[in-house]
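In: 3D model of this:
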Amino acid sequence: MCYWLARRCAEDNNKVLLIDLDLSGSGQGNHTADWETNGSGEIDAIIHKTTQLDILPPPKNQETTMALRQPQTLLKTIQRWQQTYHYIIFDAGTISAANWRNLPAANICHASDAAILCIAAAKTTESEVLTSIDRLKQGGVNLLGSIVNDQHNPSLACEILRILNTRASFLPKKIKMCLIHYLNQNSMLQGKYQ
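Out: From the prediction side, this is the model:
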């Protein structure tokens, strides 16, 4: 979702920096790089995706991670990035997972202008969503809204097809083939809403 948002912002001829600070998850899928909050090593670490979009991978050394945990250091680093980029987007990882490896997502959101909460469909519980929203509100975060990520959630057509193939052996083959064709052609049941 962060990469999609960064690509969209870069389409309007804006310089965008996507910073991968999801240290305990897969993040943007890039290997860690040796960079520091003062800018040292950053030029070599940055991945240029397009002329307008750069990605900064997770920091390799623990000292940089520890420095980013300090609110003043994080703010100074953001101000330095703002001199070069129009938009700075953080992939902050899971807000509900507090562990020693991850930077607190609430701290990153607090240092930012706004935050968007991404919810994993069929995985994130209602109580986790409400707890995350409360945590962000308590931190004074400007929450723009939320996005439900249903990438790994099967469409209604997929579920009906699965049941047709596993439990509908009693149907005549011609009717079954007509149903399968209809399900494959129906954009709404496929989850294509545009």
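
In: let me see the domain layout of the chain.
Out: Domains of the chain are assigned by automatic domain parsing as 2-149, 156-185.

In: and the average pLDDT for whichever helix or strand L130 is part of is what?
Out: If you go by DSSP states H and E, L130 is part of helix 126-138. For helix 126-138, mean pLDDT is 89.

In: and what of stretch 87-100?
Out: Mean per-residue pLDDT for stretch 87-100: 78.

In: deepest of the domains of the chain, which one?
Out: Using mean count of other Cβ atoms under 10 Å, the stretch among the domains of the chain with the largest mean neighbour count is domain 2-149, at a mean of 16. All C-beta spots, glycine's among them, are computed from the backbone N, C-alpha and C.

In: endpoints of stretch 87-107, how far apart?
Out: Distance between the two ends of stretch 87-107: 18 Å, counting by Cα to Cα, to the nearest Å.

In: re earlier: touching the helix holding L130 from outside, list them.
Out: Under the contact criterion Cβ atoms under 8 Å, 6 or more residues apart in numbering, helix 126-138 has outside partners 95-96, 106, 109, 115, 117, 119, 143, 146.

In: export these to JSON lines and append columns for distance to Q28 and secondary structure.
Out: Shown next, in JSON lines, are the contacts of helix 126-138 (distance: Cβ to Cβ, whole Å; DSSP: H, G, I helix; E, B strand; the rest coil):
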{"residue": "I95", "distance to Q28": "17", "secondary structure": "coil"}
{"residue": "S96", "distance to Q28": "20", "secondary structure": "coil"}
{"residue": "A106", "distance to Q28": "20", "secondary structure": "helix"}
{"residue": "C109", "distance to Q28": "18", "secondary structure": "helix"}
{"residue": "A115", "distance to Q28": "18", "secondary structure": "strand"}
{"residue": "L117", "distance to Q28": "18", "secondary structure": "strand"}
{"residue": "I119", "distance to Q28": "19", "secondary structure": "strand"}
{"residue": "L143", "distance to Q28": "22", "secondary structure": "strand"}
{"residue": "S146", "distance to Q28": "20", "secondary structure": "strand"}
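
In: good, wrapping up.
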